[in-house]
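# What would the 3D arrangement of this be:
(2 chains)
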Amino acid sequence: MELHDVWFVLIAVLWIGYFFLEGFDFGIGVLTKLLARDRAEKRVLINTIGPVWDGNEVWLLTAGGATFAAFPEWYATLFSGFYLPLLIILVCLIVRGVAFEYRAKRPEENWQRNWEQAIFWTSLIPAFLWGVAFGNIVGGVKIDAEMEYVGTFWDLLNPYALLGGLVTLTLFTFHGAVFASLKTVGDIRVRARALALKLGLVTAVLALAFLIWTQVDTGDSWSLGAMLVAFVALVGAIGAIKVGREGWSFALSGVTIAAAVAMLFLALFPDVMPSSLNPEWSLTVTNASSSPYTLKIMTWCAAIATPLVLLYQSWTYWVFRKRIGTQHIADAH
Amino acid sequence: MDLALAPETLARWQFGITTVYHFLFVPLTISLAALTAGLQTAWVRSGKEKYLRATKFWGKLFLINIAMGVVTGIVQEFQFGMNWSDYSRFVGDIFGAPLAFEALIAFFFESTFIGLWIFGWDKLPKRIHLACIWMVSIGTILSAYFILAANSWMQHPVGYRINEERGRAELTDFWLVLTQNTALTQFFHTMTAAFLVGGAFMVGISAFHLARKKHIPVMRTSLRLGLITLIIAGLGTAISGDLLGKVMFKQQPMKMAAAEALWDGEAPAPFSIFAYGDVDKGHNKVAIEIPGLLSFLANDDFSSYVPGINDINKAEQEKFGPGDYRPNIPVAYWGFRWMIGFGMASLGIGMLGLWLTRKKFMLAPGMRTGEDEVPNLVLFKRKALSPRFTKWYWIIALWTMGFPLIANSWGWIFTEMGRQPWVVYGVLRTRDAVSPGVSQGEVLTSMIVFTTLYAVLAVIEVKLLVKYIKAGPPELTEDDLNPPTKIGGDSRDPDRPMAFSY
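Model (predicted):
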């Protein structure tokens, strides 16, 4: 295994970390409309991720920075090619971050309601668009001999990618509902479980269709294995929430996300962005990667920093391990 | 294509707008994190309530500000790929590494510990909670260091080779990229300038409340901390600026000649106070100068030779081929002056303030004030300023809040525009760095979207800051004074509301 292969795996790990963590953040954002009955319940939901959403989002920035450093051509083609969807995602992430911080900083009804609307939409849209983006990466897009994306914005909205978007949206919302059942107390917890069950079933149908499509198009025996893990874990997560085992359900919905992302990367390898025009023009782990020296330095950095990050981020979850309910939300702002 | 709407021009405008905007929040975040951490340390060590109230007050303003710093920073991470894909392809092997280090080491640190600090008042023992804000502060400083190392490589590329086969620059010595003198001096200069912003911010807001005789113990302490910060940072900015100038005279003589509108080399070379020139013909029509000073600033020698814009342009044409290697000279010239002018004006106001509010030195006993009194502004030993002048000092101090921000912005505009036409000095031209596949319409769309969004957010942010500034430090509660002793919080009452919730 050469260093660029190691970095392919590490980039996959960063995306798994991002979707696992911000997946439930996005889900919580969507649930502020789907699950919460009043403002107090909305606030309970938002506060389950309050201390952690910012740290979770850094997984995206790290995935971006690491792709820049380890696969500059991939970074350049991807972000210049998927220009408008990425612009929409960035706008959402900007507004979403401000919305969390500022929502409670003024008492006016309008102010709070607007930020609550913002939290819902800016969680829903990226949750959908990330799936569209990955559908396009795996499915292949129009890339020319110069590694430039030559398709249009509308080319990105093909059926396969749109299905991918629906999968991430439902999967993240399911993951968020399980997280909500794990982190809340009282009536909302009971309803979170019931909703999670329904969302899980919808997710299962969509995910099965998308993953089989992927497997048929670009899969190999490895990706088949990952697909089976993803599906078994999803069924397990649904079963666990049905019998009220919230911790198990959350762990398994996490495994589902990890295995599904792993499957996409396995289906991709050794390409990083296949060209639908000519396979010769595809970006691969070799023609898109940095020099061995840069990859070596990056490997050292990742080997030391990543375990530390995992350690102190896990500690954060431990510090805020108590469940919260409406009684824990103070009126003051 | 119309030059004003050429993708390169649009991409540059967009980078300028998003980056200058982002950098309005960055220096205040860096300095307020450390100052808040300092105040909280004072609270933990002394147990004096005024320090806790000050921590909560400045901490709240810090949080309102860092939220904007964080979200506008996300754009920075991705816009190299969006608008500058050829740049990313050419330099990614080098430039990507410090960015990835920044995310992996600094961003995680900052973002994780800020969550712990915001929500941790009733979940963490006092000292661990204090450690969290220090971690945030360390994170902000590390972040600045890595991104400045990356920028310094664009100013003065080192530790790389050109790989002709792959058509790109490749890293050969990462340590050199991190420790070259451009990176170290630029880091020193940017950090001190950041604290200039935080110091002036504290002084201005304290002055606002003291002029109204409100929240006196907290604001008196804050005023003093702000003034001392302002002076140390101001002197540091001047020293580091001089060092950075000397480095730049050697590494980018064109930038410095443009900063001085020095058209033709001279020995000794004068420092320009005011110039009005003809860029096409390459000379000044009006010039007011201090003889020899520029030679000293460049080389520590009042009579040394400093090359001019025309000389360097000719030399670069011989080296890199035909073309115009001059940056926008009026922008470089005036940007340089506004940077120094606004920066040093705030230092001056800080020095004046520290003298006027001194506690004992050269002060008649009757002029001294206690902890809960507004300090007298005393010019001479026995002579306080009249109420009218006192009021004026407080007003000037309030307005000075904006000065270091203006200085910081112009500093960056100067240093980036002064490097043109290069994006990586001597290696890659800006016009060769833009994304070839991104259309004019796409760049225009994103520029309009970001500019509009940023304008709206600016209004929201400033209004919130004003609201919380006017509200002053909060009253302390029983819970504030009795922090938990166990991690995760004391379980006295399972239904107790959270100390802080969104």
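
# which residues of the chain score low on pLDDT?
If you meant another chain, say so; for now it's chain A. Chain A contains residues with pLDDT under 70 at A:332-333.

# nope, chain B
For chain B, the stretches with pLDDT under 70 are B:1-4.

# go again using 80 as the cut-off
For chain B, residues meeting the criterion pLDDT under 80 lie at B:1-5, B:491-492.

# Just the strands from it, written as ranges.
B:160-163, B:168-171, B:271-278, B:283-290, B:422-424, B:428-429 (DSSP state E).

# Go through those and pick out the most buried.
strand B:422-424 (a mean of 23; mean count of other CB atoms under 10 Å in any protein chain shown). (Each C-beta comes from the backbone N, C-alpha and C, glycine too.)

# Establish whether that one and chain A are in contact.
No: under the criterion of CB under 8 Å from any CB of the partner chain, strand B:422-424 makes no contact with chain A; the nearest approach is 13.9 Å.

# neighbouring contacts of that strand?
Residues lying outside strand B:422-424 but in contact with it, judged by CB atoms under 8 Å, 6 or more residues apart in numbering or on different chains, are B:84, B:87, B:90-91, B:153-154, B:157, B:169, B:428-430, B:432-433.

# that older thread, could you say which one of the strands of chain B comes nearest to residue B:192?
strand B:271-278 (21.8 Å; CB to CB).

# partner strands of the closest one, parallel or antiparallel?
Using DSSP bridges, strand B:271-278 pairs in its sheet with strand B:283-290 (antiparallel).

# how about the CA coordinates for the strand it pairs with, as CSV?
The C-alpha trace of strand B:283-290 is given here as CSV (Å, rounded to 0.1, in the frame of the first residue of the first chain):
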residue,chain,number,x,y,z
HIS,B,283,7.3,59.9,-11.8
ASN,B,284,5.8,62.0,-9.0
LYS,B,285,4.4,65.5,-9.7
VAL,B,286,4.3,66.4,-6.1
ALA,B,287,6.4,64.9,-3.3
ILE,B,288,7.0,65.8,0.3
GLU,B,289,9.9,63.8,1.7
ILE,B,290,12.2,63.2,4.7
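
# Chain A: helices as residue ranges?
Per DSSP state H, chain A carries helices over the ranges A:3-34, A:39-49, A:53-70, A:72-81, A:83-102, A:109-139, A:159-183, A:187-218, A:221-242, A:246-268, A:292-319.

# The shortest one near chain B anywhere?
I take that to be helix A:72-81. Yes: contact of helix A:72-81 with chain B (CB under 8 Å from any CB) involves A:72-73, A:75-81.

# By neighbours, which of those residues wins?
residue A:76 (30 neighbours; other CB atoms under 10 Å in any protein chain shown).

# my guess is that one meets residue B:90, correct?
No: using CB atoms under 8 Å, residue A:76 is not in contact with residue B:90, being 9.2 Å away.

# How about the closest residue to chain A within the stretch 251-400 of chain B, nearest residue that isn't a chain neighbour?
Closest contact between the stretch 251-400 of chain B and chain A, by CB to the nearest CB, is at residue B:398 (22.6 Å). Sequence neighbours aside, residue B:204 is the residue nearest to residue B:398 in space, at 4.7 Å (criterion: CB to CB, 6 or more residues apart in numbering or on different chains).

# do you know how far that neighbour is from residue B:195?
Counting by CB to CB, to the nearest Å, the gap from residue B:204 to residue B:195 is 14 Å.

# what's the answer for residue B:264, then?
Using CB to CB, we find residue B:264 at a distance of 39 Å from residue B:195.

# Got phi/psi on residue B:438?
Note on residue B:438: backbone dihedrals following degrees, to the nearest 10 are phi -90, psi 130.

# burial of it, as a residue count?
24.

# Who are the contact partners of it?
A:80, A:83, B:7, B:82-83, B:85.

# Then residue B:220?
Residue B:220 touches B:206, B:210, B:371-375, counting by CB under 8 Å, 6+ apart.

# Which single residue in the stretch 201-350 of chain B comes nearest to chain A?
residue B:205 (17.4 Å).

# Can you tell me which of the helices of chain A is packed in deepest?
Using mean count of other CB under 10 Å, the stretch among the helices of chain A with the greatest mean number of neighbours is helix A:72-81 (a mean of 27).

# Show me what it is packed up against.
Applying 3 or more CB pairs under 8 Å, 6 or more residues apart in numbering or on different chains; DSSP states H and E, we find helix A:72-81 packed against helix A:53-70, strand A:271-273, strand A:283-284, helix B:49-83, helix B:85-101.

# Contacts for the shortest one, please.
The set of residues that contact strand A:283-284 without belonging to it, under CB under 8 Å, 6+ apart, is A:71, A:73-74, A:77, A:143, A:147, A:270-275.

# and the nearest residue to residue B:440 once chain neighbours are set aside, what does it touch?
Spatial nearest neighbour of residue B:440, excluding adjacent residues (CB to CB, 6+ apart): residue B:7 at 5.6 Å. By CB under 8 Å, 6+ apart, the contact set of residue B:7 is B:434-435, B:438-440, B:443.

# Buried subset of those residues as a PyMOL selection?
To isolate the buried ones among the contacts of residue B:7 in PyMOL, judged by 16 or more other CB atoms under 10 Å in any protein chain shown, type:
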select buried, chain B and resi 434+435+438+443
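
# Could you report the separation of the residue in the stretch 51-200 of chain A that chain B sits nearest to from residue A:243?
In the stretch 51-200 of chain A, the residue that lies nearest chain B is residue A:72 (2.3 Å; CB to the nearest CB). In this view, residue A:72 and residue A:243 are 49 Å apart by CB to CB.

# before we move on, what about residue B:213?
Distance from residue B:213 to residue A:243, by CB to CB: 65 Å.

# Quick one: residues contacting residue A:112.
A:39, A:103-104, A:106.

# Can you add distance to chain B and give these back as a markdown table?
Formatted as a markdown table, those follow (distance: CB to the nearest CB, whole Å):
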| residue | distance to chain B |
| --- | --- |
| A:39 | 12 |
| A:103 | 6 |
| A:104 | 5 |
| A:106 | 7 |
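
# Out of those, which two sit at the greatest distance?
Pairwise distances across those peak at 13.8 Å for A:39 and A:106 (criterion: CB to CB).

# The stretch 351-500 of chain B against chain A: which residues are in contact?
Proximity of the stretch 351-500 of chain B to chain A is confined to B:435-438, B:442, B:445-446, B:449-450, B:453, B:457, B:460, B:464, B:467-468, B:487-489, B:495-498 under the rule CB under 8 Å from any CB.

# Give me the buried positions along stretch B:169-183.
So, applying 16+ other CB under 10 Å, buried residues of stretch B:169-183: B:169-172, B:174, B:177-178, B:180-183.

# And for stretch B:290-307?
For stretch B:290-307, a neighbour-count test (16+ other CB under 10 Å) marks B:292-299, B:304, B:306-307 as buried.

# Could you tell me the end-to-end distance of that stretch?
Counting by CA to CA, to the nearest Å, you get 17 Å between the two ends of stretch B:290-307.

# Kindly reformat the contacts of residue A:112 as a markdown table containing distance to residue A:313.
Listed next are the contacts of residue A:112 as a markdown table, based on distance: CB to CB, whole Å:
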| residue | distance to residue A:313 |
| --- | --- |
| A:39 | 29 |
| A:103 | 24 |
| A:104 | 24 |
| A:106 | 31 |
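
# Would you confirm that residue B:138 contacts residue B:114?
No: in this structure, residue B:138 is not within contact of residue B:114 by CB under 8 Å, at 11.9 Å.

# So the two - more neighbours on which side?
Shown here are residue B:138 and residue B:114; by other CB under 10 Å, residue B:114 has more neighbours (26 against 18).

# OK, contacts around the nearest residue to the more buried one once chain neighbours are set aside?
Nearest residue to residue B:114 in three dimensions, chain neighbours excluded: residue B:136, at 5.0 Å (CB to CB, 6+ apart). Taking CB under 8 Å, 6+ apart, we find residue B:136 in contact with B:33, B:37, B:109-110, B:113-114, B:117.
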